[in-house]
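Asker: starting from these lines, generate the structure:
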Amino acid sequence: MTGQRGLTLIELLVALGIFAAISAAMVGTMDLATGAKERTETVAEQLKGVERMRGILRADLQQIVVRPVREPDFAAPVPVILGGLDAQTVFPEGEEGEVVHLAFVTNGWSNPGYREPRASLQRVIYLSRGGRLIRRTRPYLDALRETPSRDQILLSGAEDIAFSFPGATLGTWVPDWSESGSTIQLKAVRVRTVLPELGAIDHQFWVGGG
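Answerer: From the prediction side, this is the model:
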């Protein structure tokens, strides 16, 4: 009867090394697959936020109206459209890190049968805080300090959010805007968002449905 030969120490070490290499490769593949899945989910979530922001901002700007508004601490109505530093002058207070980008009045706030004691007009303020783009509204246009407001988060996780407006020279954009009068002179608004997975994107919106 022929005797059976066992594994030598060297052969055992080689086998263990091969097994370890295969295991490491499998773990690496699984990590890559998991990371790719998580990144895809993150990109999808950021795209969803961008589309939500675009749809709501577009609808607001298409229904913008001329309506001077009284704000707390201002005796006279403020300009009908405020953007950039001019908006931040009227709305200087807020939570730490809060930056107001744009303020105006929009039509189309549904009130079927006039059941609520308010008009269909709505004060809308766009601001950012902590990487979030927020749409702030209130039920009454002419505000007191105690007038309540409602915040809707449109976009989260942004590394930067910037609003700009048409400059005096065609094709240029400026960071501030202030407008009074009986007609809307503002023709467009540009919003730049910088998101971790999507990078920098410029969104341009026409005012008044143009």
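
Asker: Trp206 and Asp73, how far apart?
Answerer: 33 Å (CB to CB, to the nearest Å). The C-beta positions use only the backbone N, C-alpha and C, and glycine is treated the same way.

Asker: who's more crowded, those two?
Answerer: Neighbour count, other CB atoms under 10 Å: between Trp206 and Asp73, Trp206 has more, with 13 against 8.

Asker: list the residues that contact that one.
Answerer: Trp206 makes contacts with 61-62, 187-188, as judged by CB atoms under 8 Å, 6 or more residues apart in numbering.

Asker: what of Leu195?
Answerer: Contact analysis of Leu195 by CB under 8 Å, 6+ apart lists 46, 50, 157-159, 201.

Asker: please repeat the previous calculation with a cut-off of 6 Å.
Answerer: The contact partners of Leu195, taken as CB atoms under 6 Å, 6 or more residues apart in numbering, are 46, 158.

Asker: from Trp206, how far off is it?
Answerer: 23 Å.

Asker: sorry, back to before: return the subset of the contacts of Trp206 lying in strands.
Answerer: Ala188 (DSSP state E).

Asker: who wins on neighbours among the contacts of Trp206?
Answerer: Leu61 (22 neighbours).

Asker: do I have it right that that residue meets Phe205?
Answerer: Yes: under the criterion of CB atoms under 6 Å, Leu61 makes contact with Phe205 at 5.1 Å.

Asker: give the buried residues for stretch 191-210.
Answerer: 191, 193, 195, 198, 205, 207 (16 or more other CB atoms under 10 Å).

Asker: save the residues you listed as CSV, and put in distance to Phe19 too.
Answerer: Output for those, formatted as CSV (distance: CB to CB, whole Å):
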residue, distance to Phe19
Val191, 55
Thr193, 48
Leu195, 42
Leu198, 42
Phe205, 59
Val207, 66
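
Asker: Leu82: which of these is nearest?
Answerer: Of all those, Leu82 sits closest to Val207, with 13.8 Å by CB to CB.

Asker: got a list of what that closest one touches?
Answerer: 61, 64, 186-187.

Asker: mind picking the two most distant members of the residues you listed?
Answerer: The span of those, defined through CB to CB, is set by Ile64 and Lys187 at 11.1 Å.

Asker: next secondary structure after the longest helix belonging to the chain?
Answerer: Under DSSP state H, the helix in the chain containing the largest number of residues is helix 9-62. Later in the chain than helix 9-62, the nearest helix or strand by DSSP states H and E is strand 64-65.

Asker: which other helices and strands contact the longest helix of the chain?
Answerer: Applying 3 or more CB pairs under 6 Å, 6 or more residues apart in numbering; DSSP states H and E, one finds that helix 9-62 makes contact with strand 150-155, strand 199-206.

Asker: thank you, goodbye.
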